[in-house]
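Asker: Please work out how this folds:
(one chain, ligands or ions: 1)
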Amino acid sequence: MNVGVLALQGDVIEHRKMLRGLGVEAPEIRLPEELARVDGLIIPGGESTTIGKLMVEFGLDRAIPVRVGQGMAVYGTCAGMILLARTARGGEPPLLRLMDITVERNAYGRQVDSFETDLDVPAFGPPPLHAVFIRAPVIEEVGPGVTVLASLNGRPVLARQGRLLVSSFHPELAQDDRVHRYFLEMIRSAA
Ligand code: GLN
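Answerer: Residues are numbered from 1 along each chain as shown. Have a look, this model is predicted:
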């Protein structure tokens with residue numbers, strides 16, 4: 001299995017490390033043609049405005065949806081989640097609009113309001129998942145095809161729609177690899 005990490009901006013290295021720890025090749029993806037090599041793609045956290053603009057510049061805003069239509073899975077963390085959303089509040093960058101969710105950017109406040117917490121994820125079972133939130137977005141509305149996997153204060157922070165997975169937080173910055181393993185399992189079961 002080959003899972004690429006979109007390497008335009010953001011915490012690319014940490015995702016690649018986590019994937020390699022799970023025995024998966026994790027090439028950096030910058031060009032549309034490189035998407036042909038991967039079964040899954042991670043869009044990392046960073047700055048969604050920057051990543052969104054670069055996606056358009058490189059033609060990835062068109063190429064990623066085409067590959068998703070062909071079966072490629074995508075996991076978006078934080079800024080990556082914003083880019084997958086149908087709608088974003090609080091300043092809308094160029095979006096892929098692949099997932100039926102509305103997100104609110106910077107929903108917990110500014111950089112100083114970043115925090116860590118433990119989340120109950122019924123699909124994973126115990127122990128709770130340690131989650132790092134950095135200027136994180138939240139999901140405000142979900143469409144009927146979306147399954148919420150974890151919430152914080154009543155708002156979804158981990159969700160799935162078919163081959164798409166999103167999290168408000170950064171599992172690649174913690175020691176727990178269960179979200180990445182879940183994503184790999186999504187790809188395997190779709191194959
Ligand atoms: N606040 C950033 C944005 O709106 C996301 C932050 C992150 O990815 N950690 O794009």
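Asker: mind pulling up the phi and psi values for T50?
Answerer: Here is the backbone geometry of T50 (degrees, to the nearest 10): phi -70, psi -50.
Asker: again with P27
Answerer: Here P27 shows phi and psi, under degrees, to the nearest 10, equal to phi -70, psi 150.
Asker: Now for the nearest residue to it once chain neighbours are set aside: which residues touch it?
Answerer: The shortest distance from P27 to any non-neighbouring residue, by CB to CB, 6 or more residues apart in numbering, is to G4 (5.0 Å). No exception for glycine: its C-beta is placed from N, CA and C like everyone else's. Taking CB atoms under 8 Å, 6 or more residues apart in numbering, we find G4 in contact with 26-29, 34-35, 37-38, 40-42.
Asker: For G4, what is the enclosing helix or strand?
Answerer: strand 3-6 (DSSP states H and E).
Asker: Parallel or antiparallel, which strands does that strand pair with?
Answerer: Its sheet considered, strand 3-6 pairs with strand 28-29 (parallel), strand 40-43 (parallel) by DSSP bridges.
Asker: center of this structure - which residue?
Answerer: G76 (1.2 Å; CA atoms, centre = their mean).
Asker: For the protein, what lies in contact range of the ligand?
Answerer: 45-48, 78-79, 82, 105-106, 134-135 (CB under 6 Å from any ligand atom).
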